[in-house]
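Colleague: Please work out how this folds:
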Amino acid sequence: MTLAALVDQGRWTNEPAAVTLDGEVLRVTAVEGSDAWRTTSYGFVHDSEHALLQAVDGPFSAEASFVLDYTEQFDQAGLFLRVDGQRWIKAGVEVSDGTPQLGAVVTRGTSDWSVAPVPEWVGRTVTVRVSRDGDAVTVRAWAAGESARLVRVAYLDPGADVTVGLLCAAPTRAGLTVTFTGFRVGAPDAALH
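Modeller: Got it, this is the predicted structure:
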């Protein structure tokens, strides 16, 4: 599936401030205060992320590519896999304390967050991939010219219906525009390693 097809067929969880499709480049401007998080450590629930989602059936993989050119606290972009408001996974790169962090938030009622710094990815095109098969979602990511690295393996009810697509959010500022350069849905990964 192309970005144009996702824009045509997908649905936003929350409308962004602006969306511009120029060929196969999609620019999404986030609303200030947008985010996805449930309770843990912070005590709040945010369901205001901008995720452009489509339904997928059975085992699959999905990839989103974007330019890592954002720098403000908690600016974020990547993929969002959603069952419902209580069960979802977001994976991508989020700026935290001045450093871009590759990570995933897995939410089953409450959220948890795993991160690893990737300052060497600044200015590069990043691809985030989720692969759903059986009871697992495997998250991988890489910057252009690198091999994929394993980010997370998370449980997901094998019977759950899901939607998947692009994600961006700007919890602390106005004016974040994320440049997405690709979106694909295909077969799940053959193996974990």
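Colleague: for this protein, what spans make up the helices?
Modeller: 3-9 (DSSP state H).
Colleague: Which of the helices and strands in it ranks last by mean pLDDT?
Modeller: Every helix and strand in the chain was compared by mean pLDDT, DSSP states H and E; the lowest is strand 45-47, with a mean of 87.
Colleague: Work out the sheet partners of that one and label each with its direction, please.
Modeller: strand 36-38 (antiparallel) (DSSP bridges).
Colleague: Off-centre distance for the strand it pairs with?
Modeller: Remark: strand 36-38 is offset 13 Å from the chain centroid, using Cα atoms, centre = their mean, to the nearest Å.
Colleague: for stretch 33-50, same thing?
Modeller: With Cα atoms, centre = their mean, you get 14 Å for stretch 33-50.
Colleague: Which residues belonging to that stretch are considered buried?
Modeller: Of the residues in stretch 33-50, those with enough neighbours to count as buried (16 or more other Cβ atoms under 10 Å) are 34-38, 46, 48-50. C-beta: built from backbone N, CA, C; applies to glycine.
Colleague: With distance to Thr181 added, can I get those in a markdown table?
Modeller: Compiled in a markdown table, the buried residues of stretch 33-50 are given as follows (distance: Cβ to Cβ, whole Å):
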| residue | distance to Thr181 |
| --- | --- |
| Ser34 | 21 |
| Asp35 | 23 |
| Ala36 | 22 |
| Trp37 | 26 |
| Arg38 | 30 |
| His46 | 27 |
| Ser48 | 25 |
| Glu49 | 20 |
| His50 | 17 |
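Colleague: Of those residues, which pair is most distant in space?
Modeller: Farthest-apart pair in the buried residues of stretch 33-50 is Arg38 and His50; separation 17.1 Å (Cβ to Cβ).
Colleague: what residue lies at the spatial centre of this structure?
Modeller: Among the residues of the chain, the one closest to the centroid is Leu79, at 2.1 Å (Cα atoms, centre = their mean).
Colleague: That one touches Val126, doesn't it?
Modeller: No - judged on Cβ atoms under 8 Å, Leu79 makes no contact with Val126 at a distance of 10.9 Å.
Colleague: hey, what's in contact with both of those two?
Modeller: Common neighbours of Leu79 and Val126, counting by Cβ atoms under 8 Å, 6 or more residues apart in numbering, are Gly92.
Colleague: and the residue nearest to Ala144 when sequence neighbours are not counted, bridged to which residues?
Modeller: Excluding the flanking residues, the one nearest Ala144 by Cβ to Cβ, 6 or more residues apart in numbering is Thr125, at 4.5 Å. Listed beta-bridge partners, Thr125: Val67 (assigned using DSSP bridges).
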